[in-house]
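**Student:** dropping the sequence and predicted coords here.
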Amino acid sequence: MLNILVGISNAMQKLIILFIGISILGCKSVAVKTNDTLQLKFLSEFILPDDVLVDNTLVGGLSGIDFHDGHYYLACDDSYNPRYYQAIIEIKDALISNVIIDNVVRIKDTSKLLDLESIRYDIKTNRIHVTTEGNVYKKKKPYFFSVNAKGEIEKLFKIPTYFYENMVQRPTHNGGLEGLCKSYDGGGYWISMELPLAIDGPEPQL
């Protein structure tokens with residue numbers, strides 16, 4: 001820093017030093033507030049039989065869920081027959097008493113490889129928004145898209161190219177776009193990854 005200050009007036013030197021000091025103080029870490037009283041309490045579970053059929057599809061591989069207007073929407077991660085189910089979940093005294101799956105919507109897919117992970121009902125458009133993590137080995141891109149009640153894909157949302165399977169930063173296989181939730185202000189969506197990008201280092205081990 002002495003070399004930088006050569007030829008600068010004393011007043012200017014003091015001003016620069018003051019600015020650097022303020023910048024350093026401004027970069028210090030901020031304490032994160034914690035709440036030790038926050039707890040989660042397990043209430044109930046419901047195990048579906050492994051032979052439930054709805055319109056000749058076997059119910060299983062349920063990977064995402066959302067709720068709207070009395071119905072639950074359940075994503076199925078069968079990549080060769082992508083679909084989502086509509087269901088009524090009966091809850092009494094904070095316990096799940098019954099799950100009635102009453103409809104299935106097949107997604108009309110030309111890629112033949114949509115691995116659905118999460119699902120959200122968009123009340124503004126009355127459309128279903130879905131993420132699919134793609135397939136690195138088979139060179140299939142991940143997608144974030146919307147479908148209508150007939151299962152027709154209406155819109156593919158643009159995602160950064162570093163999520164593509166052929167990029168250096170690409171997702172690891174079977175570790176791409178996973179969770180999906182609406183932003184607090186309703187202006188967009190947050191998407192979580194199942195695993196770090198390949199460029200971030202090795203996969204975490206349990």
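**Tutor:** Yep, that arrived. Everything quoted here is computed from the prediction, not taken from an experiment.
**Student:** alpha carbons only for contacts and neighbour counts from here, please
**Tutor:** OK.
**Student:** in contact with Gly134, which residues are there?
**Tutor:** If you count contacts by Cα atoms under 8 Å, 6 or more residues apart in numbering, Gly134 has them with Leu113, Leu114, Asp115, Lys140, Lys141, Pro142, Tyr143, Glu165, Asn174, Gly176.
**Student:** hmm, Tyr189 is touching Leu180, no?
**Tutor:** Yes - Tyr189 is within contact range of Leu180, at 6.8 Å (criterion: Cα atoms under 8 Å).
**Student:** my read is that Gly176 contacts Glu194, right?
**Tutor:** Yes - with contact defined as Cα under 8 Å, Gly176 reaches Glu194; the gap is 5.6 Å.
**Student:** between those two, which one's more packed in?
**Tutor:** Remark: of Gly176 and Glu194, Gly176 carries more neighbours, 29 against 16, as counted by other Cα atoms under 10 Å.
**Student:** so how far is Leu40 from the more buried one?
**Tutor:** Per Cα to Cα, to the nearest Å, Gly176 is found 27 Å from Leu40.
**Student:** how close does the spatially most central residue of the chain get to Glu165?
**Tutor:** Nearest residue to the geometric centre of the chain (Cα atoms, centre = their mean): Gly179, 2.4 Å. Separation of Gly179 from Glu165 (Cα to Cα) stands at 18 Å.
**Student:** in its sheet, what does the helix or strand Trp190 falls within sit against?
**Tutor:** Using DSSP states H and E, Trp190 maps to strand 189-193. If you go by DSSP bridges, strand 189-193 pairs up with strand 177-182 (antiparallel).
**Student:** could you give the mean pLDDT of the strand it pairs with?
**Tutor:** Across strand 177-182, the average pLDDT comes to 85.
**Student:** any buried residues in it, and which?
**Tutor:** Neighbour counts over strand 177-182 (16 or more other Cα atoms under 10 Å) mark Leu177, Glu178, Gly179, Leu180, Cys181 as buried.
**Student:** for PyMOL, write the select line for the buried members of the contacts of Gly134.
**Tutor:** Buried members of the contacts of Gly134 can be picked out in PyMOL with the line below, counting by 16+ other Cα under 10 Å:
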select buried, resi 113+114+115+140+141+142+143+165+176
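**Student:** turn the contacts of Gly134 into JSON lines, columns for secondary structure and distance to Arg106.
**Tutor:** JSON lines is the format used below for these (DSSP: H, G, I helix; E, B strand; the rest coil; distance: Cα to Cα, whole Å):
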{"residue": "Leu113", "secondary structure": "coil", "distance to Arg106": "13"}
{"residue": "Leu114", "secondary structure": "coil", "distance to Arg106": "11"}
{"residue": "Asp115", "secondary structure": "coil", "distance to Arg106": "13"}
{"residue": "Lys140", "secondary structure": "strand", "distance to Arg106": "20"}
{"residue": "Lys141", "secondary structure": "coil", "distance to Arg106": "20"}
{"residue": "Pro142", "secondary structure": "coil", "distance to Arg106": "19"}
{"residue": "Tyr143", "secondary structure": "strand", "distance to Arg106": "17"}
{"residue": "Glu165", "secondary structure": "coil", "distance to Arg106": "25"}
{"residue": "Asn174", "secondary structure": "coil", "distance to Arg106": "22"}
{"residue": "Gly176", "secondary structure": "coil", "distance to Arg106": "22"}
